[in-house]
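Asks: Provide a 3D model corresponding to the input given below.
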Amino acid sequence: MISRRAAWYALGVLAFANLVNYGLRNSFQPLYPELRAKFGFTDGELGFIGFTYMFAHAAATLPMGWAGDRFDRRRLIALGMGLASIGAAAAAVAGHVASLAAARAISGLGTAAVVPVANSILGEAFDGPKKAIALALFNLGLILGGVAGFGVGAGLGFPGAFYAFAIPAAILVGVIAILPVAPKRTGAAASGGARAFLADARELLSIRPLRWLAASSTAMAFATGGYLGWLLDFLQTERHMSKESATQVLGVSIIGALAGVITGGRIGDRLRVRHRAGRLYAIVLGLGLTVPCAIVCIEAQPGPLLYVGAVLTMFFVSWYHGPIAASVDDLATGGRAATAQSLVIFSMHALGTAPGWWLIGIVAGRTSLTTAMLANTGMVVVAVLLMIRAGRVYGSAPPAAL
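Replies: Below is the predicted model of the structure:
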């Protein structure tokens, strides 16, 4: 085990890497109006560019997670940040759909290393009854990075927003490569090729609650991908708010998101003491309360009610971050924590976030963004039902994993 000081230092560095990760991802959305005006991109093309980032990110998650259980985890994340930096710089000089999509895909490939491998490092460093809150703190980087991405994108525009994240990503390469943590997790899986990965994946997916948790997380990611990919544009085009006012709504809602990440982690850890599936039921509660708040946010006109709906939506939907990562870490067996994380994250992004981002753009083009966003809320309900099922079969997990 590493020292407490080293664990908290690693948490801080990896949380900042996660901030850069999500800042780079979300810096693209505020550029929609500028890219439409400068290059004539359609909503479908913008959705496709978002899809390429998320699909590449999801596809790379599997090999990154597998490698994270076998090789130096620090160097793997450092390599990913290097690719993310190169992709961001390439996006800044792109001039048409194909080149921008390719550049975003490179960044997506690189950032895929951050979450599954960092979750493995931190799950080991903070193993115990406070695992969910530690992983929730790591995911503050996600929330802060998301807001930073929106703010930098709106403030610097194209191409400055991409350069703004290429630089810190490059700096992080050297910092992460020498983190004072164990290169490999205790009981790390043996090396091997594609067959070894498939064997690991097959064994992990034989754990019933992990399958249901992945299914619920995928439905949830579809919904959140739709919300985050189009909310800023929704406020500007459907509610006729200025870029500054729409960005302000997102900025205020960050208060709810930050509080939600911490609250979800704390409630998840407390419920885990009382019930084996307590962390999953914390997610059920948060997502269930998200639904009415999201409907209010979508239907409200600019004013106090819209702000309240946005803050509460972000508060409740953010509960899941720590409990999901902690539950996957608990369920992983045989030193395959990073592989387990990557399987869930792959499902979330390849089958959830990426198509959600793209399909909302397609539906919006044929109907309206309001209709598309309301339909998208139905996926949150699906996620709730699937997570309830995951909680009910949690007792079938191998005792050694819990």
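
Asks: can you give me the helices for the stretch 151-300 of the chain?
Replies: Assigned by DSSP state H, counting those that start in this stretch, the stretch 151-300 of the chain shows helices spanning 194-205, 208-237, 243-274, 278-299.

Asks: I'd like to know which of those helices lies nearest to Ala98.
Replies: Taking C-beta to C-beta as the measure, the helices of the stretch 151-300 of the chain were each checked against Ala98, and helix 208-237 came out nearest at 20.0 Å. In this view, the C-beta of every residue, glycine as well, is placed from N, C-alpha and C.

Asks: just want the angle from the closest one to helix 194-205.
Replies: Here helix 208-237 runs at 90 degrees with respect to helix 194-205, directions being taken by axes from the mean of the first three to the mean of the last three C-alpha atoms, to 10 degrees.

Asks: which strands or helices does helix 208-237 pack on?
Replies: In terms of contacts (3 or more C-beta pairs under 8 Å, 6 or more residues apart in numbering; DSSP states H and E), helix 208-237 is packed against helix 32-39, helix 43-68, helix 243-274, helix 278-299, helix 321-331, helix 337-348, helix 354-366, helix 369-392.

Asks: for Pro129, find the nearest of those helices.
Replies: Per C-beta to C-beta, nearest to Pro129 of those: helix 243-274, 6.0 Å.

Asks: tell me which of the helices of the stretch 151-300 of the chain sits most buried.
Replies: Looking across those with neighbours counted as mean count of other C-beta atoms under 10 Å, the highest average goes to helix 208-237: a mean of 24.

Asks: how far out from the middle of the chain is that helix?
Replies: Relative to the centre of its chain, helix 208-237 is centred 9 Å away, using C-alpha atoms, centre = their mean, to the nearest Å.

Asks: just stretch 300-314 next, same as before
Replies: 23 Å.

Asks: swap in stretch 262-269?
Replies: Once both centres are worked out by C-alpha atoms, centre = their mean, stretch 262-269 turns out to sit 18 Å from its chain's centre.

Asks: how about that stretch as CSV, C-alpha atoms only?
Replies: Extracted in CSV, the C-alpha atoms of stretch 262-269 (Å, rounded to 0.1, in the frame of the first residue of the first chain):
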residue,chain,number,x,y,z
ILE,A,262,-19.8,14.5,-3.3
THR,A,263,-23.3,13.8,-2.0
GLY,A,264,-23.6,10.6,-4.2
GLY,A,265,-20.3,9.3,-3.0
ARG,A,266,-21.2,9.9,0.7
ILE,A,267,-24.6,8.4,0.4
GLY,A,268,-23.3,5.5,-1.6
ASP,A,269,-20.7,4.7,1.1
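
Asks: rebuild the helices and strands packed on helix 208-237 as TSV, extending it with distance to Ile133 and mean pLDDT.
Replies: Output for these, formatted as TSV (distance: least, C-beta to C-beta, whole Å; pLDDT from 0 to 100):
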stretch	distance to Ile133	mean pLDDT
helix 32-39	36	89
helix 43-68	22	87
helix 243-274	4	88
helix 278-299	11	94
helix 321-331	6	89
helix 337-348	18	88
helix 354-366	28	81
helix 369-392	20	93
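
Asks: can you put the ones you listed in TSV and add distance to Val147?
Replies: Output for the helices and strands packed on helix 208-237, formatted as TSV (distance: least, C-beta to C-beta, whole Å):
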stretch	distance to Val147
helix 32-39	17
helix 43-68	18
helix 243-274	5
helix 278-299	16
helix 321-331	15
helix 337-348	21
helix 354-366	18
helix 369-392	20
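
Asks: between the ones you listed, which one is closest to Ile171.
Replies: Comparing the helices and strands packed on helix 208-237 against Ile171 with C-beta to C-beta, the closest turns out to be helix 43-68 (20.7 Å).

Asks: spatially central residue in this structure, please.
Replies: The central residue of the chain, meaning the one whose C-alpha is nearest the mean C-alpha position (C-alpha atoms, centre = their mean), is Leu142 at 6.7 Å.

Asks: kindly calculate the angle that whichever strand or helix holds Ala15 makes with helix 243-274.
Replies: Following DSSP states H and E, the helix or strand that holds Ala15 is helix 4-26. Computed with the same axes, to 10 degrees, the direction of helix 4-26 lies at 140 degrees from that of helix 243-274.

Asks: and helix 4-26 with helix 43-68, angle?
Replies: 150 degrees.

Asks: list the helices and strands helix 4-26 packs on?
Replies: The elements that helix 4-26 packs onto, with contact taken as 3+ C-beta pairs under 8 Å, 6+ apart, are helix 73-92, helix 97-111, helix 114-125, helix 131-138, helix 140-177.

Asks: could you dump the ones you listed to a markdown table with distance to Phe28?
Replies: Formatted as a markdown table, the entries for the helices and strands packed on helix 4-26 read as follows, by distance: least, C-beta to C-beta, whole Å:
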| stretch | distance to Phe28 |
| --- | --- |
| helix 73-92 | 8 |
| helix 97-111 | 7 |
| helix 114-125 | 17 |
| helix 131-138 | 23 |
| helix 140-177 | 7 |
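
Asks: for Ala340, find the nearest of those helices.
Replies: Taking C-beta to C-beta as the criterion, Ala340 comes closest to helix 114-125 out of the helices and strands packed on helix 4-26, the separation being 8.4 Å.
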